[in-house]
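*Asks:* Pasting the sequence and the predicted coordinates here, then a few questions.
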Amino acid sequence: MTAVQRRVETLLESGLLGQLIRFVIAGGITTGLYTLVYSPLAGLGITSEQVANICGYLVAMTSGYVLHSKWSFRGHGAEATKTSWRFFVVSLVSFGLNTVFVWILTDDAMLAGPWWWPLIPILFVTPLVTFALNRFWVFG
């Protein structure tokens with residue numbers, strides 16, 4: 001057996017691989033919903049990038065809690081009374097990250113880039129941080 005096969009088997013036995021796959025799917029849906037809200041608001045100039053970020057965050061937080069608690073991390077052992085407030089804290093961390101990305105990349109006092117620049121770290125950095133926090137602290 002190769003080292004890769006052994007590692008995959010270990011991940012399967014621990015449940016981490018299944019959780020990661022479910023998290024990627026649910027997170028993809030949640031991030032997609034964020035993008036569907038943020039993009040037209042910011043891209044069409046309906047509102048500022050930060051207000052669009054807040055609107056996207058509210059949709060993503062609500063859908064994310066339902067998807068992750070009911071599916072991504074189901075049966076991971078944490079009680080709903082523990083996960084609710086912890087999920088909200090992690091949600092605020094993700095909101096904070098996204099707000100910083102939007103501010104640094106689009107604000108006139110910073111890089112003054114186009115509205116879509118923050119989507120790059122929002123799609124690739126924020127999900128990694130939230131997966132780790134959800135796995136080990138919220139639903140752990």
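*Replies:* Structure received.

*Asks:* Find the centremost residue of this structure, please.
*Replies:* Residue closest to the average C-alpha location in the chain (CA atoms, centre = their mean): Pro127, at 4.0 Å.

*Asks:* Quick check: Arg135 vs Lys70, distance?
*Replies:* Per CB to CB, to the nearest Å, Arg135 is found 16 Å from Lys70. From N, CA and C alone the C-beta is placed, and that goes for glycine too.

*Asks:* which one of the two has more residues nearby?
*Replies:* The neighbour comparison of Arg135 against Lys70 (other CB atoms under 10 Å) goes to Arg135, with 17 against 10.

*Asks:* tell me the contacts of the closest residue to the residue nearest to the centre of the chain other than its chain neighbours?
*Replies:* Spatial nearest neighbour of Pro127, chain neighbours left out: Gly27 (5.0 Å); criterion: CB to CB, 6 or more residues apart in numbering. Applying CB atoms under 8 Å, 6 or more residues apart in numbering to Gly27 gives the contacts 64, 68, 72, 127, 130-131.

*Asks:* Name the helix or strand for Gly27, please.
*Replies:* helix 16-43 (DSSP states H and E).

*Asks:* where does the chain have low pLDDT?
*Replies:* Applying pLDDT under 70 to the chain flags residues 1, 8, 11-12, 14, 74-82.

*Asks:* what's the closest of the contacts of Gly27 to Val93?
*Replies:* Distance to Val93, by CB to CB, is smallest for Thr130 among the contacts of Gly27, at 7.3 Å.
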